[in-house]
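Peer 1: one predicted model, sequence on top.
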Amino acid sequence: KQEVTQIPAALSVPEGENLVLNCSFTDSAIYNLQWFRQDPGKGLTSLLLIQSSQREQTSGRLNASLDKSSGRSTLYIAASQPGDSATYLCAVPAGYNNNDMRFGAGTRLTVKP
Amino acid sequence: DTGVSQDPRHKITKRGQNVTFRCDPISEHNRLYWYRQTLGQGPEFLTYFQNEAQLEKSRLLSDRFSAERPKGSFSTLEIQRTEQGDSAMYLCASSLVGASSYNSPLHFGNGTRLTVT
């Protein structure tokens, strides 16, 4: 059974810091991994999708890496801003060719001005 | 691209009542998913459709829950005889999946928050 863990559960940093969020999963037979952002009371916004054949994806100040063999992904946020404050979630398929996406509980990020 | 829309945004109901939620996916997307999210947790998969066919259902989807996507466009999720444990955010997502776009990202709506009193 695919289980997804995100560490830390919460993180508070001053504005301008670079930071890393971690995601680990138990079943490495995945075809992609997706990172999302969720603002309070809202739905999820897709940030980055990494295919199983890729090792990383970049979008602006965000960089996500994937190491399938070790069951880990990281989301790197450069030069953090107060507007980055949100909960960040990672999701992977429950198994290969499985459309049930399993989510971690998320990391709640606060960036202080 | 108008995004995924869900209606209503909030629903308060008394235990035992039936409720129905609607989801309108991104128009060209052929896959539609329903998830449930409780406070402090990630979304939990409930069911998904490929066009109008319901292809998977989680064991979380009890007999009181039913979902439809009659014409392969919008979808409805109905909960019969609601219980307090049904209180959660119900999220809809859609994606485009085909031979060359199998790894398509999920796009979520803003959800319907259900409170059962």
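Peer 2: Nice, thanks for sending it over. Numbers count the residues shown, from 1 in each chain, chains lettered A, B, ... in the order given.

Peer 1: output stretch A:65-73 as CSV, restricted to C-alpha atoms.
Peer 2: Extracted in CSV, the C-alpha atoms of stretch A:65-73 (Å, rounded to 0.1, in the frame of the first residue of the first chain):
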residue,chain,number,x,y,z
SER,A,65,13.6,16.6,-7.6
LEU,A,66,12.6,13.0,-7.8
ASP,A,67,14.6,10.0,-6.7
LYS,A,68,12.4,7.0,-7.4
SER,A,69,14.8,4.4,-6.1
SER,A,70,14.9,5.9,-2.7
GLY,A,71,11.3,6.9,-2.7
ARG,A,72,11.9,10.6,-2.2
SER,A,73,11.2,14.0,-3.6
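
Peer 1: got the buried residues for that stretch?
Peer 2: A:65, A:66, A:68, A:71, A:72, A:73 (16 or more other CB atoms under 10 Å in any protein chain shown). All C-beta spots, glycine's among them, are computed from the backbone N, C-alpha and C.

Peer 1: most widely separated two among those?
Peer 2: Using CB to CB, the two most remote members of the buried residues of stretch A:65-73 are A:65 and A:71, lying 12.7 Å apart.

Peer 1: touching both of the two, which residues are there?
Peer 2: Taking CB atoms under 8 Å, 6 or more residues apart in numbering or on different chains as the contact criterion, no residue touches both residue A:65 and residue A:71.

Peer 1: show me what the most centrally placed residue in chain B is bridged to.
Peer 2: Geometric centre of chain B, nearest residue: residue B:34, 2.8 Å, by CA atoms, centre = their mean. Beta-bridge partners recorded for residue B:34 (DSSP bridges): residue B:47, residue B:92.

Peer 1: related to what we said a few turns ago, okay, who's weakest in the buried residues of stretch A:65-73 by pLDDT?
Peer 2: pLDDT across the buried residues of stretch A:65-73 is lowest for residue A:68, at 91.

Peer 1: quick check: closest non-adjacent residue to that residue.
Peer 2: residue A:28 (4.9 Å; CB to CB, 6 or more residues apart in numbering or on different chains).
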